[in-house]
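Colleague: Have a look; sequence and predicted model below, questions after that.
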Amino acid sequence: DPILEQFRQIAAQLTFSAPTLPILSNLTGQIARHDQIASPDYWTQQLRNTVRFHDTVAALLGAGEQVFLELSPHPVLTQAITDTVEQAGGGGAAVPALRKDRPDAVAFAAALGQLHCHGISPSWNVLYCQARPLTLPTYAFQHQRYWLLPPAGDFRGANTPAIHPLLDTATELAENRGWVFTGRISPRTQPWLNEHAVESAVLFPNTGFVELALHVADRAGYSSVNELIVHTP
């Protein structure tokens, strides 16, 4: 409170101009009038009065806005916006522009992707001025595969054969740092995989992972596998 009067005096020295975009006031939760925000008292009240952030987001939702972008170094208000959107029963979304644990370019590109998925597209020709759009198949009912299936080749080269139906090579790393086993697994080269499907998705069976681990352990001089964690089926 002791700084309020000094702050008001400093704000009174500024020249206020009419905003070019609508501004929602955290003091009222509604669109602010120019004569309201062009006042030192208004900005002084920002230091002391209650912040009506929930009312502000609700007003935007009531005006038909559904997608929100938080411009800050790290998401602080995104969750509060999401909670308000869910309470309103709408299908909106809150997207953070940056994250402190990610490079700025990576985080901002991810934010642009999320905005695009929610119907808010930037000027892609400005962002990727050297790129050109490609037409891709969009009809799910066509059920055409576009995966590139390269022919099976001999990957052994100068490495040691792995002597296993699913592993092609076994490479011992320098300085006794371990082994690297490589192989290609696909329904094309192992048709029996098609018999192990979960909801039409072909998955490599966990017993197969165990068998591979046992083979690798034996090759590395171990007789058993104490622990095996499958992170992705």
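Modeller: Yep, it's here.

Colleague: all strands of this structure, in order?
Modeller: Taking DSSP state E to define them, one finds strands in the chain at 67-70, 93-96, 160-161, 169-172, 179-182, 197-198, 201-202.

Colleague: Out of those, which gets the lowest mean score?
Modeller: With a mean of 59, strand 160-161 has the lowest mean pLDDT of the strands of the chain.

Colleague: Show me this protein divided up by domain.
Modeller: What automatic domain parsing lists as the domains of the chain is 1-51, 67-133, 160-219.

Colleague: I'd like a version of these in JSON lines, one that adds mean neighbour count as further columns.
Modeller: C-beta: built from backbone N, CA, C; applies to glycine. Formatted as JSON lines, the domains of the chain follow (neighbours: other Cβ atoms under 10 Å):
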{"stretch": "domain 1-51", "mean neighbour count": "13"}
{"stretch": "domain 67-133", "mean neighbour count": "14"}
{"stretch": "domain 160-219", "mean neighbour count": "13"}
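
Colleague: Tabulate these (TSV), appending distance to Val230.
Modeller: Formatted as TSV, these follow (distance: least, Cβ to Cβ, whole Å):
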stretch	distance to Val230
domain 1-51	47
domain 67-133	27
domain 160-219	6
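
Colleague: quick one: pLDDT of the residue most central in space within the chain?
Modeller: The centroid of the chain falls nearest to Ala110 when counting by Cα atoms, centre = their mean (5.6 Å). Reading off the confidence values, Ala110 has pLDDT 92.

Colleague: Please name the residues that touch it.
Modeller: By Cβ atoms under 8 Å, 6 or more residues apart in numbering, the contact set of Ala110 is Arg102.

Colleague: and if we set it to 10 Å?
Modeller: When contacts are counted by Cβ atoms under 10 Å, 6 or more residues apart in numbering, Ala110 touches 95-99, 102.

Colleague: swap in Cys117?
Modeller: 67, 93, 95.

Colleague: Tell me the one among these nearest to Pro75.
Modeller: For the contacts of Cys117, the minimum distance to Pro75 (Cβ to Cβ) is 8.9 Å, reached by Val95.

Colleague: any idea how far Ala217 is from the closest residue to that closest one other than its chain neighbours?
Modeller: Excluding the flanking residues, the one nearest Val95 by Cβ to Cβ, 6 or more residues apart in numbering is Gln114, at 4.7 Å. According to Cβ to Cβ, to the nearest Å, Gln114 and Ala217 sit 43 Å apart.

Colleague: what residue ranges in this protein are flagged as low confidence?
Modeller: Within the chain, the ranges that satisfy pLDDT under 70 run 138-162, 232-233.
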